[in-house]
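Visitor: Need the 3D shape of this:
(2 chains)
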Amino acid sequence: MSGAGQQGQVPAKQVEAAGQEHASAHGGHDTQTAPYERVFKRERLARLDQLFTKYPTKQACLLPALWMVQEARGWISEPAIGEVAEVLDLTPAYVKGVVTFYTMYHTHPVGRHFIQVCTTSPCNICGAEDVVKALLVATGCGELGATSPDGRFTVIEVECLGACGFVTPVLIDDDFIESVTPENVPGILQRYQ
Amino acid sequence: MGYPHPSHPKENPVLSKHFGDPEARSFDGWVKRGGYEGLRKVLRMSPEAVIEEIKTSGLRGRGGAGFPTGLKWSLMPKPDGRPHYLVCNADESEPGTFKDREIMRWTPHQLLEGCAIAAYAIQAERCYIYIRGEFTDPFQIMQQAVEEATAKGALGDNLLGSGKRIEVILHRGAGAYICGEETAMLNSIEGKRGNPRIKPPYPAQAGLFGMPTTINNVETLAAVPHIVIRGGEWYKGLSLSNPKSTGTKLISVCGHIQRPGNYEVTMGTPMKELIYDMCGGMRPGRTLKAVIPGGSSVPIMSAAEADECLLDYEGVVAKGSMLGSAGMIVMDDSTDMVYQIWRLARFYAHESCAQCTQCREGTAWSTRILERILAGKGKQEHFQLLLDLSDNMTGKTICVLSDSCAAPIVSGIQKFRHEFEAYIQGARVPAMAAV
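Guide: Residues are numbered from 1 along each chain as shown, chains lettered A, B, ... in the order given. Coordinates of the predicted model:
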């Protein structure tokens, strides 16, 4: 989150791997190779209009709209922040402030499959750190927050996933997987190409 | 039915009766099990009468604070044309707690019925259920249940033919523990950073979008249909110790325990019975060292305190801790307490919204000092430094996140000081490299 945390930081390797699109995420719009394609058009625009009926303000649609961007693009780029601000009548600075508060929104590109491992105390005392090590080796990511050289995986540590009776829970994309051990890591990863 | 273990005879499954039964998930399956009868009954009562029934039951908030639910509902102003809102807190993120996830996964209609009854009682037409972003399965299951209940007329514009309107909207969180704090949750729904708000005004006066709002935990709302059907007096009778703690409580047990899982017990059940009889006790050859009984935000209990503890709000307080959300983290003699207290401090440092100085600085510096001790660089004066920091982090901030960080540190130093000493005196191999 936004606090003094050590998680969610982008290692140097990640920044390099992200290439030009990542550069654009930090304001260098001129370095972008392809023109920005809008997220909110046709079906997604209709979904957004539907959302407006669920809340008394457009601003309240911000979290759901950011989820829609991430579903469509895999991460939330600077131009996407601008587009969300425009469709919700907010400023880009305001939207960025919200995006960076919530850990699940990616502000840089990640691997095709995004892996979140719980290592908070209940999982920690039951061996979650070994699951992390096994995942870093099996995915080829090497370090937390980095994307594997084949672009397939990114692994991060997260705080309590709320399934402490099923150690160690791991969230791969939208799949919530319970009771992961170092031994069953390779088998699980095979399902994600 | 228990889940993921079979129900133990010492349990009292009311809310968890259908956990593990996939048929209970569907609208028809739920109706077959007596579902929506509570809502039907309520629609023939006045909202005031519903609130009285909940007051009689003695039901208290299951999210952690234990505030009387009927009283909370009665604090909502009389309708004056402004919309009222109900918010269901399904942002379950308190380390050790995983009960609301099971309620949503197995019995989504139990929660929806509770939401509809509560909304009727506080005269709200809209209920937002805030589900943490990581709960992908519960979100989908709840989404399907809302669609089904609306299609069948149990939610929507004409509630079971009564002409009443209650719309349920699911709002997905995006990874922020602090959004479980009720006013941070309101900000998050409004599309803001999840910073807790200064109270007063309380949500009943000016809550979501500035309107009168009631926020209830998933488990609290799931208990409501049962109280309505079987009566407040029945619920009040479910109490083995202190009459101020009534009903059943889902206890999430995790950590070093043979059978982790959710156990639903009558208030006042001895913790010893839960740990040794229902959960099967410690792993072979291990003994109990400590219990954090109410989710990670409460003081750590020693094994001796746990052995004598009764599981209700007052019983846990009598043993120096709090029932909280009843996420029970069990630690055996293999546990390095200093390392685990550091891990908890790191959690709070990561989750601080950074609004209040005491929390932003206190959680981060506590973590760093604990890191120094674990790296073999600790000093005697670190004890006082940690305690001073904790004192400054307790009761001085907008919300209780920094208090929650201080609780395990202070109780850890009190009860496991020798483990800190071992690191400081070099009698123990450093657990991490110097930072």
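Visitor: Output the helix or strand harbouring residue B:183 in CSV with nothing but the alpha carbons.
Guide: Element membership for residue B:183, per DSSP states H and E: helix B:182-189. The C-alpha trace of helix B:182-189 is given here as CSV (Å, rounded to 0.1, in the frame of the first residue of the first chain):
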residue,chain,number,x,y,z
GLU,B,182,-15.4,1.3,8.5
THR,B,183,-14.8,4.9,7.5
ALA,B,184,-11.9,4.0,5.2
MET,B,185,-14.3,1.6,3.6
LEU,B,186,-16.7,4.5,3.0
ASN,B,187,-14.0,6.5,1.4
SER,B,188,-13.0,3.6,-0.8
ILE,B,189,-16.5,3.1,-2.0
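Visitor: Look at residue 145 and say how many residues are nearby.
Guide: Unless you meant another one, I'm taking chain A. Residue A:145: 18 surrounding residues under other CB atoms under 10 Å in any protein chain shown. Using the backbone N, CA and C atoms, a C-beta is placed for each residue, glycine as well.
Visitor: Chain B, not that one
Guide: 25.
Visitor: likewise residue B:357?
Guide: 12.
Visitor: dump the residue contacts of it.
Guide: Shown in contact with residue B:357 (CB atoms under 8 Å, 6 or more residues apart in numbering or on different chains): no residues.
Visitor: so where's the stretch 1-150 of chain B shaky on pLDDT?
Guide: For the stretch 1-150 of chain B, the stretches with pLDDT under 70 are B:1-2.
Visitor: show me where it has strands.
Guide: In the stretch 1-150 of chain B, the strands defined using DSSP state E, counting those that start in this stretch lie at B:85-90, B:126-131.
Visitor: Adjacent strands (with direction) for the last one?
Guide: When you say that, I think you mean strand B:126-131. strand B:85-90 (parallel), strand B:167-172 (parallel) (DSSP bridges).
Visitor: which of those strands is buried the deepest?
Guide: Greatest average neighbour count among the strands paired with strand B:126-131 goes to strand B:85-90 (a mean of 28), per mean count of other CB atoms under 10 Å in any protein chain shown.
Visitor: got the CA coordinates for it in PDB?
Guide: Output of strand B:85-90 as PDB, limited to C-alpha atoms (Å, rounded to 0.1, in the frame of the first residue of the first chain):
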ATOM      1  CA  TYR B  85     -27.200   3.100   3.200                       C
ATOM      2  CA  LEU B  86     -26.300  -0.200   4.500                       C
ATOM      3  CA  VAL B  87     -22.600  -1.300   4.000                       C
ATOM      4  CA  CYS B  88     -21.600  -4.900   4.500                       C
ATOM      5  CA  ASN B  89     -17.900  -5.200   5.500                       C
ATOM      6  CA  ALA B  90     -16.600  -8.200   3.600                       C
END
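Visitor: what residues does that strand touch?
Guide: With CB under 8 Å, 6+ apart as the criterion, strand B:85-90 contacts B:63, B:100, B:104, B:111, B:115, B:118-119, B:122, B:124, B:126-132, B:135, B:138, B:142, B:180, B:182, B:185-186, B:189, B:207-209, B:211-218, B:221.
Visitor: Buried residues in stretch B:27-44, which are they?
Guide: By neighbour count on 16 or more other CB atoms under 10 Å in any protein chain shown, the buried set for stretch B:27-44 is B:27, B:29, B:30, B:33, B:35, B:36, B:38, B:39, B:40, B:42, B:43.
Visitor: Likewise for stretch A:51-60?
Guide: A:51, A:55, A:56, A:58, A:59, A:60.
Visitor: what about it, average pLDDT?
Guide: For stretch A:51-60, mean pLDDT rounds to 98.
Visitor: Now do that stretch: distance from first to last residue.
Guide: Across stretch A:51-60, the terminal residues are separated by 9 Å (CA to CA, to the nearest Å).
Visitor: Next: stretch B:150-167.
Guide: Terminal residues of stretch B:150-167 are spaced 8 Å apart (CA to CA).
Visitor: Can you tell me how far residue A:76 is from chain B?
Guide: Counting by CB to the nearest CB, to the nearest Å, the gap from residue A:76 to chain B is 10 Å.
Visitor: Next one, pLDDT for that residue please.
Guide: Value listed for residue A:76 in the pLDDT field: 98.
Visitor: Surely it touches residue A:107?
Guide: Yes. Assessed by CB atoms under 8 Å, residue A:76 is found in contact with residue A:107 at 6.1 Å.
Visitor: Next to chain A, which bits of the stretch 201-350 of chain B? Give me the list.
Guide: Within the stretch 201-350 of chain B, the residues that sit near chain A (CB under 8 Å from any CB of the partner chain) are B:209, B:252-256, B:260-262, B:292, B:296, B:327, B:329, B:331, B:335, B:340, B:343-344, B:346-347, B:349-350.
Visitor: Spell out for me the PyMOL command that would select the buried members of those.
Guide: Only the buried entries of these go into this PyMOL selection, using 16+ other CB under 10 Å:
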select buried, chain B and resi 209+252+253+254+255+256+260+261+262+292+296+327+329+331+335+340+343+344+346+347+349+350
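Visitor: just to revisit the earlier point, check the buried residues of stretch B:27-44 against chain A, which are close?
Guide: Checking these against chain A (CB under 8 Å from any CB), there are no matches.
Visitor: Switch these over to a markdown table; also include distance to residue B:412.
Guide: Converted to a markdown table, these look like this (distance: CB to CB, whole Å):
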| residue | distance to residue B:412 |
| --- | --- |
| B:27 | 48 |
| B:29 | 46 |
| B:30 | 44 |
| B:33 | 44 |
| B:35 | 45 |
| B:36 | 47 |
| B:38 | 43 |
| B:39 | 46 |
| B:40 | 50 |
| B:42 | 46 |
| B:43 | 51 |
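Visitor: Distance-wise, check the residue lying farthest from the centre of chain A relative to residue B:125.
Guide: Distance from the centre of chain A peaks at residue A:56, with 28.0 Å (CA atoms, centre = their mean). According to CB to CB, to the nearest Å, residue A:56 and residue B:125 sit 12 Å apart.
Visitor: excluding its backbone neighbours, what's nearest residue B:110?
Guide: Of all residues not flanking residue B:110 in the chain, residue B:222 sits nearest, at 4.9 Å (CB to CB, 6 or more residues apart in numbering or on different chains).
Visitor: no, scratch that, I was asking about residue B:422
Guide: Here the residue nearest residue B:422, using CB to CB, 6+ apart, is residue B:428, at 4.0 Å.
Visitor: cool, and residue B:326?
Guide: Nearest one to residue B:326, counting by CB to CB, 6+ apart, is residue B:251 at 4.6 Å.
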